[in-house]
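1. Need the 3D shape of this:
(chains A and B)
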There are 2 protein chains.
Amino acid sequence: LTTDEHPLDYIFHPRSVAVVGAPTHEGPGGFFVGAIKEAGFPGPIYPVNPKATEIQGLTCYPSLRDVPGPVDYVISSVPARVVPQLVEDCGSKGVKALHFFTAGFSETGEEERADLEKRAVERAREFGIRIIGPNCMGLYVPSAGLSFMPGLPNESGPVAFISQSGANAGDFIRATAVRGIRYSKVISYGNAADLDESDFFEYCAADPDTRVIASYIEGVKDGRHFLQALRQAATVKPVVVLKGGRTEAGGRAAHSHTGALAGSIEVFDAACRQAGAVRVNTLEDLTDVTVAMTFLSGLSGRRVGIIGSGGGQSVLAADEAASVGLEVPVLSDETQEKLRQFTPVAGTSTRNPVDTYMGWVGGPERLVDTIRLVANAPNIDSVLLHIHFDGGAMRMDPVKRAEALADAIAEALPRFQKPLTIVARPAVQAEGFAASIAFQERVSRAGVAVFSSIVNAARALGHLLDWQQGRRDLVMP
Amino acid sequence: LTTDEHPLDYIFHPRSVAVVGAPTHEGPGGFFVGAIKEAGFPGPIYPVNPKATEIQGLTCYPSLRDVPGPVDYVISSVPARVVPQLVEDCGSKGVKALHFFTAGFSETGEEERADLEKRAVERAREFGIRIIGPNCMGLYVPSAGLSFMPGLPNESGPVAFISQSGANAGDFIRATAVRGIRYSKVISYGNAADLDESDFFEYCAADPDTRVIASYIEGVKDGRHFLQALRQAATVKPVVVLKGGRTEAGGRAAHSHTGALAGSIEVFDAACRQAGAVRVNTLEDLTDVTVAMTFLSGLSGRRVGIIGSGGGQSVLAADEAASVGLEVPVLSDETQEKLRQFTPVAGTSTRNPVDTYMGWVGGPERLVDTIRLVANAPNIDSVLLHIHFDGGAMRMDPVKRAEALADAIAEALPRFQKPLTIVARPAVQAEGFAASIAFQERVSRAGVAVFSSIVNAARALGHLLDWQQGRRDLVMP
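-> Residues are numbered from 1 along each chain as shown, chains lettered A, B, ... in the order given. Below you'll find the model as predicted:
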């Protein structure tokens, strides 16, 4: 099955979009028109609102029926009570997909509102319209010029994110974009009244633009279908799943949020194991494992060479890596001798962790040489470099210094025989923050996985290695 | 025993300081003169270097013996081989305390260098000189105008930090300063060839300026003395300890770093339990628990009311709080009714977590009202507000908006009957970062504990509550 043949493919590639209930002024819910314009949507965009004749420079129509051309895709920002009329309008207009940003349906727990949702879906089905939502952000598909918030990258990439929460989708994109992740599709699907997580997993499994699938799920609509779809996806691609509502309190919140029935986390966990998907517990872990799956597929083992500046930081880096299951073997005498040719004796160590002056003395070349020697050491599977960009004592502009270091590392990458992982510790100063972001953008563009702590990096590497092991076990029992 | 009588008190209040081996240009090791000037040291500062006549506007002397007035405190930046001569000079000059920034002693593992360290300490003892270090950053005592790096707060505060690592001391200060922590004393003591962790614990236990003691320790010199000093401190103040070298790899790194013998983590852990000190595993936990100990002493239980914006974020906040041992009880109908008077129905929840529009709609007053209603609810022990400052869709300047929100919260604090904890999630955009820092500085100055994730906050609250429980168990067996 290729995407061209996939029955949902048309949803992700509409030829025209209408935003019904587009606010006349920017504000919550008012960003769809701007976001889609910014994303470079190639077809016509039709704002619909009886109170305006123009929105953001585009002709605005009083109702969907007044739009002159055909409309493939409708985004609904109208209040819930207007939805029945909107569905009729969509039917008569020949709309193919209807995304409800509109909330206030089954998730409220009110019977009347749940009924409204149910009837809207039934009526849409009669028209052959598929529904995304309600109570969600919908689609961000950079290759198709679709977006649900301003400021997202227009560039495409290999990661799909299937998210029951719009805010978590936004947080995930924000947190991963600076770390070099780009997206094939991000789908925020809310209450899943029609299309649900299983439909989207099946689609992403078949999608040739998607290489890694990340997901945030609060409740599963159909357990059997889900297990089948999850297995289908995880058989062909790395799949990472964050289950919201894994505690009683979280499950209650999930029910308030999307009307989801959170179910037993043990059952969900078993489904993930059975399918070969990685389950994580926090959004931070979801972003970290996604970064590892995207950039570190060449990782082959747990033996890590740690490089950084600061004796105490080296001690803690070794403790944290080792306590999360990585190995930190002593470097061979031969490797240490090579390092000692340019590493001063006082205040350093070449054993592993390598505690060095990091390119503040001798320029970035010294640090690159250090990485190369450790990466190419026989008893090391990957290098973990830890660094931070706050400072004070140095004179050189921190952003320029960070960029020079990033460029030197990027240029030298082909000479490293093992993968490089970088921990850029969180900045607390504005200059350090700017330097850190500049550094992260450059090294991640070159294909380096970046994390914000040793623990996070070590945990992500561990998840990746466990997953690889699981695959090997499956293939070679 | 009050500090006035404490035998080490003079070390923390020198009347004059000489920096021997002060570099003629800024660079590594060149920041002591500048840092002490910046810290407003009230007495004379004497740079010593035969190659200069003036350093940073101060008269520079060719040797310590050439300094005209008495010298209480000497910072040594000279190479290790020159140290024997320096100790003689200090003796004849009547110096009281000698801090060796100088490294390259026992930590190198070389017998000759270990011997040099031993002889320097013995000779100094004959002169009655106490030694801090070697291989360390020494003292940051804002009330005495002492500092070891530029850019640290000149203001004093209630937290002491006893750190075997200088870089970890710097990281700790940087990470906690933006979160409102200020310091009585920060002591970086390196190889602990003379004064060691036990001496400093005893001093800080007696120090009236110190209310909370944090510590980073790689190896303990004298187990019996340490246990006694730790108990002495933990009996009168909260004590939080991060033990570096808790794994084999970390222990090896600790030995390379400060010559420390890391010892068994089980034994160390037992010592902490016996003394009533809190042991943590990462620098992040150390900073978080220190913040909790400093700002949340009024916390009385595990029932937390969670407030934030975003359904998915609320689900995860509840999961994370509950999975780390906090309770997230449903708010009473009465509290929910009060919240519903100004919380719209669609896209929100008032159950707990409270998912609301956060002050973006209706201004900060609505959010403050929400916090107040939850804080004053009968079945809630504290409020946990989660927030982030990255954005896009809003028009108001993010820094101004963050400041207005912080000011409104600070102003309303006296009306909250329970403690408020805030999670400011890490920013990934420069504007969001600036807004977050401005927000954190304002609310923490008002006495609010700030964390970077729900998990971190929940874990710190858990440590604090466990510690309180332990104290109650001790007092009322």
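2. if I've got this straight, residue A:307 is in a strand?
-> Yes - the assignment for residue A:307 is a strand, going by DSSP: H, G, I helix; E, B strand; the rest coil.
3. Next one: it from residue A:317, what distance?
-> 9 Å (C-beta to C-beta, to the nearest Å). No exception for glycine: its C-beta is placed from N, CA and C like everyone else's.
4. swap in residue A:403?
-> On the measure of C-beta to C-beta, residue A:403 and residue A:317 end up 24 Å apart.
5. These two: who's more crowded?
-> Neighbours were counted for residue A:403 and for residue A:317 using other C-beta atoms under 10 Å in any protein chain shown; residue A:317 has more, 30 against 16.
6. Sketch out the strands for the stretch 151-300 of chain A, chain order is fine.
-> A:156-163, A:183-188, A:212-217, A:239-243, A:278-280 (DSSP state E, counting those that start in this stretch).
7. Over to the stretch 301-450 of chain A?
-> A:304-308, A:354-355, A:382-387, A:420-424, A:449-451.
8. so what sits against both of residue A:307 and residue A:317?
-> A:353, A:384, A:386 (C-beta atoms under 8 Å, 6 or more residues apart in numbering or on different chains).
9. near chain B too, which of these?
-> Checking the shared contacts of residue A:307 and residue A:317 against chain B by C-beta under 8 Å from any C-beta of the partner chain, the ones in range are residue A:353.
10. now for the helix or strand residue A:86 falls within, which elements pack on it?
-> Element membership of residue A:86 [criterion: DSSP states H and E] is helix A:83-93. Under the contact criterion of 3 or more C-beta pairs under 8 Å, 6 or more residues apart in numbering or on different chains; DSSP states H and E, helix A:83-93 touches strand A:73-76, strand A:97-100, helix A:111-127.
11. For residue B:190, find the nearest of these.
-> strand A:97-100 (61.0 Å; C-beta to C-beta).
12. For that closest one, give the mean pLDDT please.
-> For strand A:97-100, the mean per-residue pLDDT is 97.
13. Say whether chain B is contacted by it.
-> No - Strand A:97-100 does not reach chain B (C-beta under 8 Å from any C-beta); its nearest approach is 11.4 Å.
14. which secondary structure elements does that strand contact?
-> strand A:73-76, helix A:83-93, strand A:130-132.
15. ok, and what's touching the longest one?
-> With C-beta under 8 Å, 6+ apart as the test, helix A:83-93 has contacts from A:20, A:63-65, A:67, A:70-71, A:74, A:76, A:78, A:98, A:100, A:102, A:116, A:119-120, A:123-124, A:126-127, A:129, A:134.
16. any weak-confidence spans in the stretch 151-300 of chain A?
-> Residue ranges of the stretch 151-300 of chain A with pLDDT under 70: none are present.
17. Looking at it, which residue is nearest chain B?
-> residue A:165 (2.4 Å; C-beta to the nearest C-beta).
18. Show me where the stretch 351-477 of chain A dips below the pLDDT cut-off.
-> Using pLDDT under 70, the flagged stretches of the stretch 351-477 of chain A are A:358-362, A:392-395, A:474-477.
19. hmm, 90 instead?
-> A:356-365, A:388-398, A:401, A:428-429, A:470-477 (pLDDT under 90).
20. Let me see the ranges of the helices in it.
-> A:364-375, A:398-412, A:430-445, A:454-475 (DSSP state H, counting those that start in this stretch).
21. mind putting those in CSV, distance to chain B included?
-> Below are those laid out as CSV (distance: least, C-beta to the nearest C-beta, whole Å):
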stretch, distance to chain B
helix A:364-375, 14
helix A:398-412, 11
helix A:430-445, 5
helix A:454-475, 6
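22. want to try JSON lines for the ones you listed, with distance to residue A:84 as columns?
-> As requested, the helices of the stretch 351-477 of chain A are exported to JSON lines (distance: least, C-beta to C-beta, whole Å):
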{"stretch": "helix A:364-375", "distance to residue A:84": "62"}
{"stretch": "helix A:398-412", "distance to residue A:84": "55"}
{"stretch": "helix A:430-445", "distance to residue A:84": "47"}
{"stretch": "helix A:454-475", "distance to residue A:84": "46"}
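23. Between the ones you listed, which one is closest to residue A:200.
-> helix A:454-475 (21.0 Å).
24. I'd say residue A:431 and residue A:399 touch.
-> Yes - applying C-beta atoms under 8 Å as the test, residue A:431 and residue A:399 come out as touching, 7.3 Å apart.
25. With adjacent residues omitted, what lies nearest to the residue of the stretch 201-350 of chain A found nearest chain B?
-> Residue nearest to chain B within the stretch 201-350 of chain A: residue A:312 (2.4 Å; C-beta to the nearest C-beta). Spatial nearest neighbour of residue A:312, excluding adjacent residues (C-beta to C-beta, 6 or more residues apart in numbering or on different chains): residue B:165 at 2.4 Å.
26. And residue A:305, by the same measure?
-> Looking at residue A:305 with C-beta to C-beta, 6+ apart, the closest residue is residue A:374, at 3.8 Å.
27. okay, now the one you found: neighbour count?
-> Residue A:374, neighbours per other C-beta under 10 Å, totals 28.
28. Now do the same contact list for it.
-> Contacts of residue A:374 (C-beta under 8 Å, 6+ apart): A:305, A:307, A:331, A:335, A:339, A:352, A:354, A:380, A:383.
29. try 10 Å
-> A:304-307, A:331, A:335, A:338-339, A:350, A:352-354, A:380, A:382-385, A:416, A:418, A:420 (C-beta atoms under 10 Å, 6 or more residues apart in numbering or on different chains).
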